[in-house]
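what follows is a predicted protein model with its sequence.
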Amino acid sequence: MKKLVILAAILMLVPGMALADMGLLNESSLNDVTGQVGITIDQSLKATIGAVEWTDADGFETTTPGGGNTGALELSVITIDNGGNAISMTGLTIDADDASLVIGLPAMTGDISVGNIYLTDGSTAATTSSSLGSLTISDLNMSGSKVVVMPH
């Protein structure tokens, strides 16, 4: 009985193998193949920047040319996140158009915050006691924006 079951199983495989065809692919055989163009990429982002500083080396001119004081504006503890969590970016699409590459920007909601804003003389380090405050840009969303890349 065991031999009969094994023989039946082998015979069931034979018709499938007989229909298999190993052939070369060429351009004409692929002309009728269709599919969906493009890919979708999902990613996450959480970034921190220590400080951004703008310095005016000659400062505000007095009556003497070059007699101004150096001044600086420093933005420190810059974060790009979603309430302390990573920004989820889902649905970035890349599609090939007839004459261009179209990149659809993702739905991305998040915040950009600057922990402290300082005015300094450009030579001394800013401290938390001299902070002018903070800055937050909320609900940043780039959904629906596109980047189109094309030859010229």
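Structure's in. What do you need? Bear in mind that the values here come from a model prediction, so they are computed numbers and not experimental data.

can you pull out the helices in this structure?
Taking DSSP state H, the helices of the chain run over residues 2-19, 27-30.

now for the shortest one, which elements pack on it?
Okay, so that is helix 27-30. On a contact count with 3 or more Cβ pairs under 8 Å, 6 or more residues apart in numbering; DSSP states H and E, helix 27-30 meets no helix or strand. Using the backbone N, CA and C atoms, a C-beta is placed for each residue, glycine as well.

correct me if wrong: Ala51 contacts Ala72.
No. Between Ala51 and Ala72 there is no contact under Cβ atoms under 8 Å: 10.5 Å.

higher neighbour count, these two?
Ala72 (18 against 14; other Cβ atoms under 10 Å).

quick one: residues contacting the more buried one.
53-56, 118-122 (Cβ atoms under 8 Å, 6 or more residues apart in numbering).

dump the residue contacts of the closest residue to Ile80 other than its chain neighbours.
Spatial nearest neighbour of Ile80, chain neighbours left out: Ala47 (4.4 Å); criterion: Cβ to Cβ, 6 or more residues apart in numbering. Counting by Cβ under 8 Å, 6+ apart, Ala47 makes contact with 79-81.

any chance of the residues you listed in TSV, plus neighbour count and distance to Val149?
Output for the contacts of Ala47, formatted as TSV (neighbours: other Cβ atoms under 10 Å; distance: Cβ to Cβ, whole Å):
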residue	neighbour count	distance to Val149
Thr79	16	30
Ile80	17	25
Asp81	17	29
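
in a markdown table: those, plus pLDDT and distance to Gly91.
Compiled in a markdown table, the contacts of Ala47 are given as follows (pLDDT from 0 to 100; distance: Cβ to Cβ, whole Å):
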| residue | pLDDT | distance to Gly91 |
| --- | --- | --- |
| Thr79 | 88 | 24 |
| Ile80 | 84 | 19 |
| Asp81 | 85 | 19 |
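
please consider this matter closed, and thank you.
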